[in-house]
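S.K.: pasting the sequence and the predicted coordinates here, then a few questions.
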Amino acid sequence: MRALLQTIRRRSPGRSILAIGFYEACWLIARTAYALAFRCRVSGQHLVPDDGPLLVVANHQSNLDPPAVSFALRRRHLVFLAKASLFANPIFGRLIRGLNSVPIQAGSELGPIRTALDELAKGGAVLIFPEGSRTLDGAMHPFKRGAWLVLSKAKCRVLPVAIEGAYDAFRRGVSLPTIGRPVRVRVGEPIDAADLLAMGADAGLEHLRQRIEALRMQMHADLTSRGCILTSKPMTSEEQFEPDEPARPDRSAKAARTARTTAMSPTGAQAIDTKEGPSS
């Protein structure tokens, strides 16, 4: 019995058995609803580390994304960083708190970073969307520097996760989702923080973005081959990383191009080809 309780607690460090059970029940309900409404399929779950601090990094297509990413982590409970305004309603606020949502203040840059670091220090799995907000055109956009600050401080493993189909199912500016549109989630190989940190901020974030984009394009190709019409766009080659502060001279465009080439090379593609939340 003690071993079983330890296994259960490992799913969400620092939280009670009751809170873990509530998350599990909501997870099962949401997973069933997504399967019925969006034919949601997830692949690569076997690549998720069973324990230890984990920074989960995903592209951001719609408000469907946070729960969709959580489906990829069956043995882990995600921590979501949510706008403080979402907690204003006492009923909804209590619900999302029970689902591991942590309030962050709008307009604060350091608040979300400190919150993420606190949760990672407990050994949790924290979800972030480095683009900063949902895409407006279906393409994945440059990652913000805040993601790098979390990574450089936490020095934990990074799990790339790609989402495709959610943009067409429930894009930004639309009041209701389109039932029947397929949503796919694919998990990539975990990346050691040391490998990304050795590249420097610009090249490291660009490498991570390219890894997620490669996973997304695999799902995009699979869905279109099945006759699904998608309006989401691929990441354009001329799109540049947008730092929140001026880039340093040693973090050159050449390094970023090298990272992109490595991520999209035949060897890199083979490595990731075996893998098939509140929001902003």
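M.R.: That came through fine.
S.K.: any weak-confidence spans in the protein?
M.R.: 106-109, 236-280 (pLDDT under 70).
S.K.: show me where it has its helices.
M.R.: Assigned by DSSP state H, the chain shows helices spanning 2-10, 17-38, 65-70, 90-98, 110-121, 145-154, 166-169, 193-197, 201-225, 253-264, 266-272.
S.K.: report the inter-axis angle for the first one versus helix 17-38.
M.R.: Right, helix 2-10. 60 degrees (axes from the mean of the first three to the mean of the last three CA atoms, to 10 degrees).
S.K.: for helix 2-10, name the packing helices and strands.
M.R.: helix 17-38 (3 or more CB pairs under 8 Å, 6 or more residues apart in numbering; DSSP states H and E). For the C-beta atoms, the positions are set from N, CA and C on the backbone; glycine is no exception.
S.K.: the helix it packs on: which residues count as buried?
M.R.: Residues of helix 17-38 classed as buried: A19, I20, F22, Y23, C26, W27, A30, R31, Y34, A37, F38 (neighbour count, 16 or more other CB atoms under 10 Å).
S.K.: and if you look at stretch 177-191?
M.R.: P177, R181, P182, V183, R184, V185, R186, V187, G188, P190, I191.
S.K.: and what of stretch 187-205?
M.R.: 187-188, 190-191, 193, 196, 199-205.
S.K.: circling back to that earlier point, and of the helices of the chain, who's closest to L47?
M.R.: Among the helices of the chain, the nearest to L47 by CB to CB is helix 266-272 (9.5 Å).
S.K.: quick one on the thing from earlier: turn the buried residues of helix 17-38 into CSV, including distance to L5.
M.R.: Supplementary listing: the buried residues of helix 17-38 in CSV, determined by distance: CB to CB, whole Å:
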residue, distance to L5
A19, 14
I20, 10
F22, 16
Y23, 16
C26, 21
W27, 19
A30, 25
R31, 24
Y34, 29
A37, 34
F38, 34
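S.K.: which among those residues gets closest to R145?
M.R.: Y23 (30.8 Å).
S.K.: contacting residues for that closest one?
M.R.: Contact analysis of Y23 by CB atoms under 8 Å, 6 or more residues apart in numbering lists S12, H77, G98, L99, N100.
S.K.: neighbours of the closest residue to T224 other than its chain neighbours, how many?
M.R.: Counting by CB to CB, 6 or more residues apart in numbering, T224 lies nearest to L230, which is 6.2 Å off, once chain neighbours are set aside. When neighbours are defined as other CB atoms under 10 Å, L230 has 16 of them.
S.K.: next, give phi and psi for L230.
M.R.: phi -110, psi 140 (degrees, to the nearest 10).
S.K.: can you tell me which of the buried residues of stretch 187-205 lies nearest to D137?
M.R.: L205 (20.3 Å).
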